[in-house]
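*Asks:* Sequence and predicted structure, then a few things I'm wondering about:
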Amino acid sequence: MKSLVAYITAGFPSSNFTIDLALSLKEAGVDSLELGIPFSDPVADGPIIERANLEALKNGFKLEQLFEISDAIAKEIDTLWMGYFNSFYHRGFDNFSSRAKQSGVSGFIIPDLPHEEAVAYVPTMEKKDLALISFVAPTDSKERIKEVVEHSKKFIYLVAYAGITGSGASEDLSQTIENIRAITTTPIHVGFGVDEKTAKDKAKGVDGVIVGSAFVKILLDDSISDGEKIKRISNSARIIKESINS
């Protein structure tokens, strides 16, 4: 069965809301949760997730909320922390990793940490049995892919196109997928631009999809109640999970 990874912004609009949404997403069939750490300059994300980041920071988000949320959900649903390197570096990478392990978090997704720099942190991650998710882009050469994925863990984040999250762009990923498969058996998950309409097509040839902007767009809808937001996001997740496995 193909997997669904869901991104949501931690602490937005509140910690309790994030906990309730995460547990609801588990019931809807989500396999892993990307718990986004609010950051002032999320360079890999489009305007939707960027706005959620800024709103969370405006509301006074603190890293302690990330820890509290993770303590409550990580033993119920596989949880990864997704954020920009400054957030991990600020507290000390080793300390941050220890806190993740304490909460039951399974790994990190750090889009602005290049592979060449990420390798320095792999021993810390391995020592704590945490995964540092590898990124592959459709523009990567065979040599580059081999370097990036040879020691990958958990899953490989295949970027659906060169750009930012939330775009409707599309590229032929078949050759990139073939190049990855020739090197590793680590599952491949496609992210960027995945929603109810595109999920089935983007899931072809891979092991799962990553959905973010489509869910966060609902989070930002001030015209509906928090309960309705959870209901709509969870229903969307259920539709996507069924779509990629039909």
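*Replies:* Sure thing, it's come through. Residues are numbered from 1 along each chain as shown.
*Asks:* quick one, strands of the chain?
*Replies:* The residue ranges that make up the strands of the chain, judged by DSSP state E, are 3-9, 32-36, 78-82, 107-109, 131-132, 134-136, 156-159, 188-191, 208-211.
*Asks:* Let me have those in JSON lines, extended by mean pLDDT, distance to Phe61 and mean neighbour count.
*Replies:* From N, CA and C alone the C-beta is placed, and that goes for glycine too. Listed next are the strands of the chain as JSON lines, based on pLDDT from 0 to 100; distance: least, CB to CB, whole Å; neighbours: other CB atoms under 10 Å:
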{"stretch": "strand 3-9", "mean pLDDT": "98", "distance to Phe61": "9", "mean neighbour count": "26"}
{"stretch": "strand 32-36", "mean pLDDT": "97", "distance to Phe61": "11", "mean neighbour count": "26"}
{"stretch": "strand 78-82", "mean pLDDT": "98", "distance to Phe61": "14", "mean neighbour count": "25"}
{"stretch": "strand 107-109", "mean pLDDT": "98", "distance to Phe61": "18", "mean neighbour count": "25"}
{"stretch": "strand 131-132", "mean pLDDT": "97", "distance to Phe61": "24", "mean neighbour count": "20"}
{"stretch": "strand 134-136", "mean pLDDT": "96", "distance to Phe61": "25", "mean neighbour count": "22"}
{"stretch": "strand 156-159", "mean pLDDT": "96", "distance to Phe61": "24", "mean neighbour count": "24"}
{"stretch": "strand 188-191", "mean pLDDT": "97", "distance to Phe61": "23", "mean neighbour count": "24"}
{"stretch": "strand 208-211", "mean pLDDT": "98", "distance to Phe61": "22", "mean neighbour count": "26"}
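*Asks:* Let's have those strands in TSV, adding distance to Ala182.
*Replies:* Rendered in TSV, the data for those read as follows (distance: least, CB to CB, whole Å):
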stretch	distance to Ala182
strand 3-9	21
strand 32-36	25
strand 78-82	26
strand 107-109	24
strand 131-132	21
strand 134-136	13
strand 156-159	13
strand 188-191	12
strand 208-211	19
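*Asks:* Flag every buried residue along the helix of greatest length in the chain.
*Replies:* In the chain, taking DSSP state H as the definition, the longest helix is helix 226-244. Buried positions in helix 226-244, judged by neighbour count with 16 or more other CB atoms under 10 Å: 229-230, 232-234, 236-238, 240-241, 243-244.
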